[in-house]
Each structure stands twice: as structure tokens, then as C-alpha cells.
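Engineer: I would like to see how this sequence folds:
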Amino acid sequence: MRAGSPEFEGMVGRLRRHADELPDRDAVLFFRGAAQDHAHERLDYAGLDRAARSTAAWLQSRCRPDDRVLLLHPQGLDLVKSFVACLYAGLAPVVVPVPGGHAHQAERTARIAVDCAASVVLTDSVSLPDVQAWLDLPGTPAVEYAVTDEGDLAPAENWTDPGVLSRRRGIPAIHLRIDK
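Structural biologist: This next block holds a predicted model:
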């Protein structure tokens, strides 16, 4: 099977198709704590697609294709939405633990941000105080950040499939195959 063939479907294409055909089906279940507690959060395909397109549209307005995005989220649905948004935008997500109150955590996060040349940071409202404190430290690169759980960052309709953008620019698209 070759990229571009009718049988080929990448991750973004598969998620978009599921959002159209199976909008109410669970895309992600996140369990907090012990499994026997059954405390979990759900996200259906339609919700994941809408959130990812909204954040991806915002990212596309600020980043170049293949830029890196630092994801400073705790484990959970917001991390999944931000990760998928990066894929929708044609960007590379770099998942890093939220820098806490220890100097070695802040230094590690700063080294990762510099090494990957992060263009933007995505975080959530719970982690925002730690992220802002980290961004104010000397040695931390100056990058724009956005809080992803306080509403849409951009209208989801503003999102453009990065494969379409690549073809318009004459750049070959990179595809990732997901088995059915």
C-alpha cells in the first residue's frame, strides 16, 4: 500500500472519518486512579475532532510546517487533545512533564525546549501557574503559550488539512498508516 493510494489512510484521515461516521463513539477513555474505582473521563470522536481542529487552526496561524510544540500537560484528555491537534496541524508534539517547583525539573524542561527548538507551548489551566513560573526563569526560551482548556483557541472551521497545504506548496506530505 502506498501513500496517496485510495487504500492508504493516515491518522488524521482516520480520526476525521471516525468523527463523521462514528461521532458519538468513544475515541478516548482515561482512567484516573485504580481501575476498580472506574473513575474515568470520556471523549468521543466528534469532540476530539472539534477540539483538535480548533487548536490546530490556532497552531497553523503561528507555526511553520514541522515546527515542534511543547505539550506541558498532566496525563489526561487535554494532553490527548493537544497531541492530536499537533498532528492535525502538521507539527511535531513534544510531550514533557509539567515543570514543578524543583530547579532540576525547570532545567530539564528548558533543555528540552531548547533542544527541540519549540515554537509554542500548550498547557492547561491547572498547570498554567507552574508553566508561567518556568517561562519567567532565566535560561528558559521565550515562546508563546496557550491554555487549551478554557475554550476554543480558534474557530475549528479555520483548520486546513496539512496534506492539502503541502500539496498546494509542492511539498510531499508525510503519512502515517494506522491499521483498522
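
Engineer: which parts of the longest helix seen in the chain are buried?
Structural biologist: Longest helix of the chain, by residue count under DSSP state H: helix 45-60. Buried residues in helix 45-60, defined by neighbour count with 16 or more other CB atoms under 10 Å: 45-60. Where you see a C-beta, it was placed from the backbone N, CA and C, and this is true even at glycine.

Engineer: and of the residues you listed, the nearest to Val84?
Structural biologist: For the buried residues of helix 45-60, the residue nearest Val84 by CB to CB is Ala52; the value is 4.2 Å.

Engineer: now that closest one: how far from Pro97?
Structural biologist: According to CB to CB, to the nearest Å, Ala52 stands 22 Å off from Pro97.

Engineer: Arg50 too?
Structural biologist: Distance from Arg50 to Pro97, counting by CB to CB: 27 Å.

Engineer: residue contacts, the closest residue to Leu135 other than its chain neighbours?
Structural biologist: Closest residue in space to Leu135, ignoring its immediate chain neighbours: Tyr145 at 6.8 Å, by CB to CB, 6 or more residues apart in numbering. When contacts are counted by CB atoms under 8 Å, 6 or more residues apart in numbering, Tyr145 touches 120-123, 131-132, 135.

Engineer: cool, and Val126?
Structural biologist: Counting by CB under 8 Å, 6+ apart, Val126 has contacts Pro74.

Engineer: again, but for Leu15
Structural biologist: Applying CB under 8 Å, 6+ apart, we find Leu15 in contact with 27, 45, 48-49, 52, 84.

Engineer: what helix or strand is it on?
Structural biologist: Element membership for Leu15 (DSSP states H and E) is helix 11-21.

Engineer: next one: Ala142
Structural biologist: Applying DSSP H and E as the criterion places Ala142 outside every helix and strand.

Engineer: what's around it, how many residues?
Structural biologist: The tally of other residues near Ala142 (other CB atoms under 10 Å) stands at 5.
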